[in-house]
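K.L.:
based on what follows, work out the 3D shape:
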Amino acid sequence: MNKAIQDKLLALMREGRDRTESTDWFRVALGLFYLAALMTEEAIDFKRVDREFNRFIYHTLGKGHTITSVLQYMSGAKVMPTVESARFMDAFRRHCPEVPAASIPFLLELNLGVAKNISGLEASGPMADWIARSKAEVQAEVQAAAPGD
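P.N.:
Sure, this is the predicted structure:
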């Protein structure tokens, strides 16, 4: 995680209306950056990466927040106001173009898949429903844009 990405995440965070919204936006955006960074064929030193993220999270939010808690938050119902917020999506697109907004459903599905593997529980609930709706919308857009037979 470099300084430029940190600055972008902090700028996005400042667009929240209050402390709770700012914190939620920060956690979601940071989690999306983390998950997007996993999409590489290179070997990942998770201890180093997690340490970098955890240091930044600690300096931004304080004690009690880690990349693990961010990813757990992103798999629960409490994340729904953020992912359903047009204001968040607009701010994320402007501040974080390195992570395409179209990849958000995939990244959140990846996160849910990891949570499922750890817990052994089936991925269901508001986040799973949102992912399914988002994927269906993207599929419908692709089909609508495809030339007729």
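
K.L.:
for the rest of this, base every contact and every neighbour count on C-alpha atoms.
P.N.:
OK.

K.L.:
so what's Glu98 scoring on pLDDT?
P.N.:
For Glu98, the pLDDT comes out at 93.

K.L.:
and it, which of the three is it?
P.N.:
Classification of Glu98 by DSSP: H, G, I helix; E, B strand; the rest coil places it in coil.

K.L.:
quick one, what contacts it?
P.N.:
Going by CA atoms under 8 Å, 6 or more residues apart in numbering, Glu98 touches no other residue.

K.L.:
hang on, isn't Trp25 packed against Leu12?
P.N.:
Yes: look at Trp25 against Leu12 with CA atoms under 8 Å: they come within range, at 7.4 Å.

K.L.:
who has more neighbours out of the two?
P.N.:
Neighbours around Trp25 and Leu12, counted as other CA atoms under 10 Å, are more numerous at Trp25. The numbers are 28 against 22.

K.L.:
mind listing what's buried in the host helix or strand of that one?
P.N.:
Using DSSP states H and E, Trp25 falls within helix 19-37. Within helix 19-37, the residues scored as buried using 16 or more other CA atoms under 10 Å are 21-36.
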